[in-house]
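K.L.:
coords below, sequence missing:
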């Protein structure tokens, strides 16, 4: 156990960590376009030709030197080379146009049986027609590529990105072909690495490929690149934020913010850096809540550029062991979920898949979802806004990370910054989480505390959390993870009755000693059940075992002082390579309340009944 004096010393060392690790992302890209899908876009979704390249022949020469780092910059598959004559006398050992195709968005594992377990490099190529217009700028935007990507346009490298769940964007205005004939090539590599975020060991499927939407967004030469429009922290009658312009004419420009329904219209002027900040009275705004998910049409304009968004307004704070949403006590009736449709193999591909998952959560009685263990699709956040679900959003600092590697920290910080950039205008996002089940230690505390402070600097209007560690002595569970001192919530995962302890009937013997006077959120509990397998309540893998586990978990957790919510693990069964039992798992984590065929298990109804009771207690319905 780490002493309180030691905690203070470690916390003070954060400044040293920031100096060592730096504050700049490892792989810098331009500021992400806020609401990029809402711009005028050319979709590049659909069929992309692909080449499997386990030896990375298309990237390195035989001396293991990268072609794109050579004097000519040529020689790789990104050249998309073709023979100069019909005789094909030149030695070209690849041909995208004659290669098979994958659908984008989509992972490769679920589209071709031979790629189910594939980890390595696959090259993607897409040809498209776009003739650039004078006075316009163009941005190539990928919602996500897992994990490391190298991106090329018309044979020229745009950049490299690490992180499988955050957007990637490049200004391609000057790289587009005047003729209108263009092609983009992507080297996608989902190889797990010890210094990556997440690291080698995870408990979900390592889906590779271009897993989210791809498009080209068009803007004027001077354009609105970013904006934040939210209620001020602890001030429900005040609207604050900023508008950021980019382009040569960004300084001294008029910017207009309007919310017609609320009778709000205000004109601002940008400073030398193209930024205009505001602080306005907003007493006429109706607040957003799960009971009434009110969204306003917000319009931001400057010169030729106009951006429209649907934004809700609310406050979230803690007071002692209470969570206050718009000043009223709230109980977070939640469920954890992965970005995966259990009915159709692979990553969730779009709005239909995501809406189905959130509809199941609403049917369960949820007002809250934990989007584990990495940034989910921006569309998911917008649907949560629309459907009235609060959100816990997380970065994949998962289990054991290379805590003392500066590049690893910079990668984690970049992913956190992008997560906040994408979600900062979404009323649904109530919690930023900096990690899950990370083992206590000095290096980890420095690493995680730096992430917490970065998140607070970027956005002080949400709660900060992580799934903390705990330890057990018999039936006594102690929660005193020193990271908890930096956070707004005391959140932790506990698996009594599954990984810890005996039968479900013994769960109620556990007691909790929690060191922090903060709201308690149980971020995970649960157990596996194979849908349709029935036995008595003491037989593992049966629906009855999972049902009894939930019944006794809810009894045990009700004794925790300050309990203000939970997100049991998990909404639906999902693929996980670690899960090897040939009968009960077969490559799936079976802790879902809904099976991989969409069948609700008995435990679903236990939690649903409990949530209806909590809704009556807190919401009066």
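P.N.:
The structure has been received and is ready for your questions. Since we're looking at a predicted model, the values are computed, not measured.
K.L.:
so who does the residue nearest to the spatial centre of the chain touch?
P.N.:
Averaging the C-alpha coordinates of the chain gives a centre point, and the residue nearest to it by Cα atoms, centre = their mean is residue 375 (0.6 Å). Under the criterion of Cβ atoms under 8 Å, 6 or more residues apart in numbering, the contact partners of residue 375 comprise 144, 165-166, 393-395, 415, 418-419, 422. The C-beta positions use only the backbone N, C-alpha and C, and glycine is treated the same way.
K.L.:
and if we set it to 10 Å?
P.N.:
Residues touching residue 375, when contacts are defined by Cβ atoms under 10 Å, 6 or more residues apart in numbering, comprise 144, 163-167, 339, 381, 393-396, 415-416, 418-420, 422-423.
K.L.:
pull out the buried residues from stretch 530-543.
P.N.:
For stretch 530-543, a neighbour-count test (16 or more other Cβ atoms under 10 Å) marks 530-531, 533, 537, 540-543 as buried.
K.L.:
ok, these vs residue 64, which is closest?
P.N.:
Each of those was checked against residue 64 using Cβ to Cβ; the closest is residue 530, at 46.5 Å.
K.L.:
right, and residue 196 touches residue 162 too?
P.N.:
Yes. Using Cβ atoms under 10 Å, residue 196 makes contact with residue 162 at a distance of 6.9 Å.
K.L.:
anything in contact with each of those two?
P.N.:
Taking Cβ under 10 Å, 6+ apart as the contact definition, residue 196 and residue 162 share the neighbouring residues 147-148, 407, 411.
K.L.:
tabulate the residues you listed (a markdown table), appending secondary structure and pLDDT.
P.N.:
Output for those, formatted as a markdown table (DSSP: H, G, I helix; E, B strand; the rest coil; pLDDT from 0 to 100):
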| residue | secondary structure | pLDDT |
| --- | --- | --- |
| 147 | coil | 97 |
| 148 | strand | 98 |
| 407 | helix | 98 |
| 411 | helix | 98 |
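K.L.:
in helices only, show me the buried residues of stretch 530-543.
P.N.:
residue 543 (DSSP state H).
K.L.:
need phi/psi at the residue nearest to residue 240 when sequence neighbours are not counted.
P.N.:
In space, residue 240 comes closest to residue 232 once its chain neighbours are excluded; the distance is 4.4 Å by Cβ to Cβ, 6 or more residues apart in numbering. Dihedral angles of residue 232 (phi, psi; degrees, to the nearest 10) stand at phi -70, psi 150.
K.L.:
against which helices or strands is the helix or strand that residue 127 is a member of packed?
P.N.:
If you go by DSSP states H and E, residue 127 is part of strand 121-129. Contact here means 3 or more Cβ pairs under 10 Å, 6 or more residues apart in numbering; DSSP states H and E; on that basis strand 121-129 packs against strand 40-43, strand 46-52, strand 101-104, strand 148-153, strand 181-189, strand 209-210, strand 214-220.
K.L.:
tell me the mean pLDDT for that strand?
P.N.:
Strand 121-129 carries an average pLDDT of 98.
K.L.:
that strand pairs with which strands, parallel or anti?
P.N.:
Here strand 121-129 has these sheet partners by DSSP bridges: strand 46-52 (antiparallel), strand 181-189 (antiparallel).
K.L.:
quick one, it and strand 148-153 angle?
P.N.:
Computed with axes from the mean of the first three to the mean of the last three Cα atoms, to 10 degrees, the direction of strand 121-129 lies at 30 degrees from that of strand 148-153.
K.L.:
run the chain-centre distance for strand 121-129.
P.N.:
Here the centre of mass of C-alpha atoms in strand 121-129, compared against the chain's by Cα atoms, centre = their mean, to the nearest Å, lies 25 Å away.
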